[in-house]
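> Based on what follows, work out the 3D shape:
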Amino acid sequence: MTITAPRPSRSVRRELSLMAAFCVLPAPAVAQAPEPVESPQTLRVCANPDNLPFSNREQQGFENRIAELIAAELGVPVSYTWHAQRRAFLRRTLNAKRCDVVVGAPAGLERLATTKPYYRSTYVFVTRKDRNLGIRSFDDPALKGLKIGLHVASDDGNNPPPAYSLARRGLAGNIVGYKLWDVDGVENPQGRIIDAVASGEIDLAIVWGPFAGYFAKDQPVALEIVPVPADIPALPHEFDMALGVRKGEEALKTRIESILDKRRDDIRAILTDYGVPLIEAPALASTTRGGTPTLSGETKEE
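Residues are numbered from 1 along each chain as shown. The predicted structure follows:
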């Protein structure tokens, strides 16, 4: 893995520059009765077939469980359209009308109509507790002598935010890259980076929180998980996650948001059960500041 510049590539900067947009509309002169909302006959979900802890074909991920919860509230079954969350994911699934809902989407992603966030998480430092490294900052001088694992989603320069935080401090040479997918003979390759911390293959991993919390639970040694601190405004490391539907399908979005409100405690319990590090947001809203990291692996592009 090569980091050639201490700032994101143009495509990453574009994704990371998504900001909250609150539109204040004038109230209508005469209140209109709401149109009746037709319930779907099936909750058709677009999902990755091999991306724990989010989703898989065996429906063992927390996004699978949340989809089941929402479908139960709607009184309908769940069906899936499976597709790796890489380039063209949305174009080939949601926007091709093969499915209707993405359960894990960065809030405010402009290619979708996203619900209010249902959780907020962060990138984290992962180390062995028995090593007492105490890493709390990208500026810790100890990082210069450590092997630092990062997930590598692609080879086109679209690296996750921590890669740039490290590169701008001259630490690109310390990075050891781990693939999220396409690793022959490795079960759940997303967790390989956490295995590497536990075994001592690397000293530190910096990963998206849900990966860390889920795969750290079953390690033979205790691991320490610490949220990474804020760096520069152009490189956020915390993100609000929501559900997404096609633009213009406000009725379905509204129904889902009402379920998120009603079942908020149950959803939080699911996330906690999967070890997702939860960060309290300043306030819930339909969109959020920040942008799109490589969350469930790669940016969901059209």
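> for the stretch 151-300 of the chain, which spans come out with low pLDDT?
153-158, 184, 281-300 (pLDDT under 70).
> Going along the chain, name the helices of it.
Using DSSP state H, counting those that start in this stretch, the helices of the stretch 151-300 of the chain run over 161-167, 192-199, 209-216, 250-262, 264-273.
> just the ones you listed: most buried one?
Comparing those by mean neighbour count (mean count of other Cβ atoms under 10 Å), helix 209-216 comes out on top with a mean of 26. For the C-beta atoms, the positions are set from N, CA and C on the backbone; glycine is no exception.
> If you tally nearby residues, what's the number for residue 111?
A count of nearby residues for residue 111, using other Cβ atoms under 10 Å, gives 20.
> Okay, now the sheet partners of the helix or strand where residue 127 lies, with direction.
Here residue 127, judged by DSSP states H and E, is contained in strand 119-128. According to DSSP bridges, strand 119-128 forms sheet pairs with strand 204-208 (antiparallel), strand 223-227 (antiparallel), strand 238-245 (antiparallel).
> follow-up on the earlier one: so for residue 108, which of the helices of the stretch 151-300 of the chain sits nearest?
Closest approach to residue 108 among the helices of the stretch 151-300 of the chain (Cβ to Cβ): helix 250-262, 13.3 Å.
> rewinding a little: roughly how far is the strand holding residue 127 from the heart of the chain?
11 Å (Cα atoms, centre = their mean, to the nearest Å).
> Dump it to PDB, restricted to CA.
Only the C-alpha atoms of strand 119-128 are listed here, as PDB (Å, rounded to 0.1, in the frame of the first residue of the first chain):
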ATOM      1  CA  TYR A 119     -26.100   5.300  15.000                       C
ATOM      2  CA  ARG A 120     -22.900   7.200  14.900                       C
ATOM      3  CA  SER A 121     -19.500   5.500  15.100                       C
ATOM      4  CA  THR A 122     -15.900   6.300  14.600                       C
ATOM      5  CA  TYR A 123     -12.500   4.900  13.500                       C
ATOM      6  CA  VAL A 124     -10.600   3.400  16.400                       C
ATOM      7  CA  PHE A 125      -7.100   2.400  17.600                       C
ATOM      8  CA  VAL A 126      -6.900  -1.300  18.400                       C
ATOM      9  CA  THR A 127      -4.000  -2.600  20.500                       C
ATOM     10  CA  ARG A 128      -3.200  -5.500  22.800                       C
END
